[in-house]
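Peer 1: build me a model:
(chains A, B and C)
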Amino acid sequence: MNARSPSFTQTGGLWAFAPWITIAVFLLPVAAGLVGTGLPAFGYLPAIGGEHLSLGPWRELAEQPGVMTSMRLSVQTGLLATALSLAFAASFCALLQDHAIYRRLCAMVSPLLATPHVALAIGLAFVIAPSGWLSRLASPLLTGWDRPPVGLVTVRDPQGLAMVLGLVLKEVPYLILMILSALGQVPHVALRRAGSALGYRPATAWFKLVFPLVYLQLRLPVYAVLAFSMSTVEVGLILGPGNPPSLALLAARWFADYDLQRYFPAAAAATLQGLLVLAALLGWRAGEICVAHIGRARCERGVRAGAIEPVARLSAGLAAIALALGLVALLGTAVWSLAQSWRFPAAWPEQWTSQTWAQQLPRMAETVTTTIGLALASAWAGVLLAAACLEAETRRGQAPTRRVLWLVYAPLLVPQIAFLYGFQVVLVKLGLDGRWLAVAWAHLVFVLPYAFLSLADPWRALDPRYARGAAALGATPWQVLWRVRLPMLLKPLLLAFAVGCAVSVGQYLPTLFAGAGRVATLTTEAVTLSSGADPRIMGVYALLQAAIPLLVYGAALTLPVLLYLRRKGMA
Amino acid sequence: MTNGTAQTLSIRDVCISLPDRELIRYLSIDIAPGQVVTVMGASGSGKSTLLAWIGGFLQAPFVATGDVSIGTRRMNDEPPHARRAGILFQDDLLFPHLSVAGNLLFGVPASVRSRAARRRAVDEALSEAGLSGCGERDPATLSGGQRARVALLRTLLSQPLLLLLDEPFGKLDAALREDFRRFVFEHAQRLGLPTLMVTHDAADADAAGGPVVVLE
Amino acid sequence: MRPTMISSIARTAFLAAALAAAAPLHAEPETRPWPDILARAKGQTVYWNAWAGDERTNAFIAWIGDEVKRRYGIRVQQVKLKDTAEAVARVVAEKSAGRNANGSVDLIWINGPNFLAMKSQGLLYGPITQSLPNYRYVDTEHKRSNLIDFTVPIDGMAAPWRLAQFVYIYDSARHKLAEMPTSAPALLAFARQHPGRVTHPTVRNFLGATFLKQALHDLLPDPSVLQEPATDATFGPVTAPLWAWYDQLRPALWRAGREFPETGPAERQLMNDGAIDIHMAFDPAEAAVSIANQLLPPGARTFVMAKGTIGNTSFVAIPYNAAHKEAALVVADVLLEPATQARAQDPAWGGNLTVLDLAKVPAAQRGLFAPKAGMPGLPTNEELGSPLLEPHPSWMTRITAEWEKRYSR
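Peer 2: I've put the predicted structure just below:
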């Protein structure tokens, strides 16, 4: 009698390396980058004369006029954007079951998800500016303005509210998607019914019964939203105040300064931004605990219809408005791209033309090719690595752990500005900076988490008996992967690919740092142009930026349909 | 379909346990070629786990000791795809991305090289299932009973040395159940395959006509 | 070891400092007769490193390429730069690698600190202007910026090409020319009369800094002090009137002086939307070209300050190790041809002011410089007056820093 248990687990052979390779690819840059940015923050950067550790950079940072305001701005906009997005998205999903209109609005979520932040920000800037679309539609009939009013401040307001709105437009669809997928694993219908049977109003029941369960899976996405909202540079450049700017924007400005000695305070600011995000995350966690306490107490009080109901309705309505506003912003860029002459206060362009497109497209050819090339490469590599890790997990019979999930989310929780400079230093040492490959790698660092998250649930949800049946029929593990698992997962694979493309197209800072300013993508060009070039050209850039991920999504959704046209089981 | 060399399935002193309790203690069964042994027991008693162990799919946290051999060959250390242990589940689990013929072809061993020979085997199987000419159809368009038959034939095409049945009749309605049961047992007997069936239904055990093992 | 993610002065300064050990080469004047140069130039390709940020300039360079090909059999290849410092860095790198001939850069469009860096490090070939036949038409009396670039004497090491001048633009549909301010105090009064309708690009932008320089020039009784480098002792007293004036101006500015448009084009868009009344640019043809592209209202017109506005000349220079010096010289000469200069002044081709003295140009060709009909907004050479010289670069750096210190919250 042998003591060893025969089992399905195998060492996995080469597959065991997949997780390690993946970790090397995306976590090493983050770790090395943090060190590479942290050292100059304390004065150590031999290339420009920083030989000794010192607190000099921090003193310089403290002396910068307005630095306290910058810090406050970062924290304020980040927390507000996250809180609002969460409230809106949760309320939207709470009312989803009962109101058909919200179900229809769900269709808007996907296009907004695919649109990069920059394109939405550009569109929003146009819509809400004093000389923007809303103002034009209302003038001169309702407002009597024939010139943009002097006192009205919307875009680049000193409190960062325009920036918050720009972030909310993109984060609400994202969180809605996360909530919906979390709902798939929670018996929310049954819980709602139980709540109704006990006399609770619908939204109250949802928030008291379903939301606590959903939030467990929502925690990491919310943290990612918080980290991004606090430390975004591109949205700040377009919608945020410039004088003084948010802390991340200040750091980015210094990193691009003529004077090389500004790298030290820049690194200090970037590191400080990282610490602020950490503090905010901890603060949010503390907030979670408080809210949980209060929530439990209120649940036990048995209040059937409190403030939750009207507030939820209002939030859901605002969420719908946010989604609509996002689409209007995109529409605005489209209209501008086709306008020849559009002077305030005309509601629509006085003259239309397709000349802007005809002139710009040939000039943009190289940028567009670069953008698409980077997107395809990083998305392909990301899906490949994610699939390899998942296959390794399947072969070893491992269950997914929370530690893995945190690892996967790591690049999304660390502010980009806090580690990208250090990463660039590493690239310079390797002789790779400014090369296309380096930028693709930098994109891959952010594509991987999203590709993995997008692919993981469908992969793990695939009935394992298919694999067993195939093995019983004599298929080796490789054949099972190649002939059974991958074909059956075609749609999730393609969707993960589309997500990866969308993430890559939207990257700004990684392209700038890893490419040393020499690699131009649609996003970097759009941000440069957003400082006031011809709005018609801006419209072309913004629209193209949004179009590429949308096209990839469209292909990802139609390709499986076409390939499996006669296979109803694959629908 | 070719006949494999009929052999006996031997299970010796199987112990399967979880960290906190034992499921099966020192179970030994010999199944003769063509014989159907039924394993019954309450939910969670380890019936399906036994099948998983024989098939080579046992995973942590289950731990098992014991020997399983087919004829003179010990199967303990072999990977699942080398054991030639055909398995039928409650769901037909036909691959949705392949046609009916594609599913059947998947089961034909790679040792059958020529395309003509492979197609011949598939055509024979299709006529056996009463589905001649339905090779190119989408499995989702077949009825439940038809799919179940295709699933069995796919398994039999792979020239298994034994059959494992994991409540395969559970999802079929009463009339289909009887037909399909007969279909399965006839084929098992004709090919001389030792068969181990796990089921809740006493009628299945009766129809099988073989020894019944009850797990506590 | 290489510095990363930088541009312009810093990179030049860093790499040039790394070469501090090497002694600058002696300047070798070009002495060959022009026909010899023409003969040698035939068949060469000039790698003209030029900033590629402006479409019209790129088109103009392409046209120059066609011209010299047709007339002299020379090919011109524009090496598109995001920043002139890139080309400077390349020459510096070649020098440090010992590549003293067959350099990859033949001609650079250059001025300002980049020129200073190259000249002081002995990286230029020349003097060359004395050998260019068309140099005799250049205005060296009234357009002093042709001889002195940001207080650095050219000494013939670079050939002027075109002139940029700081101008102001207003909308004649809303205001009359007589209402527009032509001095700094008048600008203050105008802003108070129309609060929120005047602004300037952020001082971190070159245009915003020039706005302040221009105002300082206007407020000083004796602006010649700006030609000297700024020192700790002089900066405070000299700029005091500027800050006093600006403190009064700021509350009347757009957004109460809290936010500023990031660039010139951003400010232009504000004017296009009617949000502000005055726009500024370094391009005298800005109004004309923008009207044609619907980027400014049709009533946009140009004006300058009563005492004049700052202007600077753009030059082309030849690196000391250029592989095709002769062809580069020919191109530099063609740029100075009256016909070329007149074409460059045409807004369709860039609308840049000529560096030539129209009095020196043969009468027959003088007519080419008349303003084109149907191009509203284009100022005449007379309207623009004499451009003022740029102050020493140290003033700009300090003014920018002081502004940031005072007005960033």
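Peer 1: only C-alpha atoms from now on, for both contacts and neighbour counts.
Peer 2: OK.
Peer 1: tell me how the chain divides into domains.
Peer 2: Using chain A here. Chain A breaks down into these domains under automatic domain parsing: A:12-39+A:353-571, A:55-336.
Peer 1: not quite, I wanted chain C
Peer 2: According to automatic domain parsing, the ranges for chain C are C:8-163+C:313-378, C:167-309+C:390-407.
Peer 1: work out for me the element the closest residue to chain A within the stretch 201-350 of chain C sits within.
Peer 2: Chain A sits closest to C:Ala266 of the stretch 201-350 of chain C, with a gap of 3.5 Å, by CA to the nearest CA. Secondary-structure assignment from DSSP states H and E places C:Ala266 in helix C:264-272.
Peer 1: and what of C:Thr57?
Peer 2: helix C:55-72.
Peer 1: now that helix: buried residues?
Peer 2: For helix C:55-72, burial by neighbour count (16 or more other CA atoms under 10 Å in any protein chain shown) applies to C:Arg56, C:Thr57, C:Asn58, C:Phe60, C:Ile61, C:Ile64, C:Gly65, C:Glu67, C:Val68, C:Lys69, C:Tyr72.
Peer 1: quick check: the farthest pair among the residues you listed?
Peer 2: Farthest-apart pair in these is C:Arg56 and C:Tyr72; separation 23.7 Å (CA to CA).
Peer 1: for A:Arg301, phi and psi?
Peer 2: Backbone torsions of A:Arg301, given as degrees, to the nearest 10, read phi -70, psi -20.
Peer 1: just to revisit the earlier point, of the buried residues of helix C:55-72, the lowest pLDDT goes to which?
Peer 2: pLDDT across these is lowest for C:Arg56, at 78.
Peer 1: what residues are up against that one?
Peer 2: Applying CA atoms under 8 Å, 6 or more residues apart in numbering or on different chains to C:Arg56 gives the contacts C:Ala348, C:Trp349, C:Gly350.
Peer 1: and those, which is closest to A:Ala442?
Peer 2: For the contacts of C:Arg56, the nearest to A:Ala442 is C:Gly350 (39.2 Å; CA to CA).
Peer 1: of the domains of chain C, which shows the lowest average pLDDT?
Peer 2: Ranked by mean pLDDT, these bottom out at domain C:8-163+C:313-378, with a mean of 81.
Peer 1: next up, phi/psi of A:Phe211, please.
Peer 2: The phi/psi pair for A:Phe211 (degrees, to the nearest 10) is phi -60, psi -40.
Peer 1: got a list of what the closest residue to it other than its chain neighbours touches?
Peer 2: Nearest in space to A:Phe211, with sequence neighbours left out and distances taken as CA to CA, 6 or more residues apart in numbering or on different chains, is A:Ala90 at 7.8 Å. Contact analysis of A:Ala90 by CA under 8 Å, 6+ apart lists A:Ile176, A:Ile179, A:Phe211, A:Ala316.
Peer 1: and of those residues, the nearest to chain B?
Peer 2: Nearest to chain B among the contacts of A:Ala90 is A:Ile179, at 29.2 Å by CA to the nearest CA.
Peer 1: hang on, isn't the closest one packed against A:Leu218?
Peer 2: Yes - using CA atoms under 8 Å, A:Ile179 is in contact with A:Leu218, at 6.8 Å.
Peer 1: looking at those two, which has the bigger crowd around it?
Peer 2: Set A:Ile179 next to A:Leu218 and count neighbours by other CA atoms under 10 Å in any protein chain shown: A:Ile179 wins out with 23 against 18.
Peer 1: how about that one, what does it touch?
Peer 2: When contacts are counted by CA under 8 Å, 6+ apart, A:Ile179 touches A:Ala89, A:Ala90, A:Cys93, A:Val214, A:Leu218.
Peer 1: of all those residues, which two lie farthest apart?
Peer 2: A:Cys93 and A:Leu218 (13.1 Å).
Peer 1: A:Glu300: which of the domains of chain C is closest?
Peer 2: Closest among those, using CA to CA: domain C:167-309+C:390-407, at 50.6 Å.
Peer 1: kindly check the end-to-end length of the closest one for me.
Peer 2: For domain C:167-309+C:390-407, the separation between the terminal residues is 25 Å (CA to CA, to the nearest Å).
Peer 1: with stretch B:204-216 instead?
Peer 2: End to end - CA to CA - stretch B:204-216 spans 19 Å.
Peer 1: state the mean pLDDT of that stretch.
Peer 2: Stretch B:204-216 comes out with an average pLDDT of 86.
Peer 1: also stretch A:143-162?
Peer 2: Averaged across stretch A:143-162, the pLDDT comes to 88.
Peer 1: equivalent analysis for stretch B:58-69, please.
Peer 2: Taken as a whole, stretch B:58-69 has an average pLDDT of 86.
Peer 1: what does stretch B:96-105 give?
Peer 2: On average, stretch B:96-105 scores 91.
Peer 1: dump that stretch to PDB, restricted to CA.
Peer 2: What follows is stretch B:96-105 as a C-alpha-only set of coordinates in PDB (Å, rounded to 0.1, in the frame of the first residue of the first chain):
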ATOM      1  CA  PRO B  96     -20.000  23.500 -27.200                       C
ATOM      2  CA  HIS B  97     -17.500  24.800 -29.600                       C
ATOM      3  CA  LEU B  98     -17.300  21.600 -31.600                       C
ATOM      4  CA  SER B  99     -19.900  20.000 -33.800                       C
ATOM      5  CA  VAL B 100     -21.300  16.600 -32.900                       C
ATOM      6  CA  ALA B 101     -18.800  14.900 -35.100                       C
ATOM      7  CA  GLY B 102     -16.100  17.100 -33.700                       C
ATOM      8  CA  ASN B 103     -16.900  15.900 -30.200                       C
ATOM      9  CA  LEU B 104     -16.800  12.300 -31.300                       C
ATOM     10  CA  LEU B 105     -13.600  12.800 -33.200                       C
END
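Peer 1: give me the domain ranges for chain B.
Peer 2: Residue ranges for the domains of chain B, per automatic domain parsing: B:7-84+B:162-216, B:95-159.
Peer 1: and the helices in the stretch 1-150 of chain A?
Peer 2: Counting by DSSP state H, counting those that start in this stretch, the stretch 1-150 of chain A has helices at residues A:17-41, A:56-63, A:67-94, A:100-105, A:109-114, A:117-128, A:133-138.
Peer 1: can you redo those as a markdown table with mean pLDDT?
Peer 2: Below are the helices of the stretch 1-150 of chain A laid out as a markdown table (pLDDT from 0 to 100):
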| stretch | mean pLDDT |
| --- | --- |
| helix A:17-41 | 89 |
| helix A:56-63 | 90 |
| helix A:67-94 | 95 |
| helix A:100-105 | 82 |
| helix A:109-114 | 86 |
| helix A:117-128 | 93 |
| helix A:133-138 | 90 |
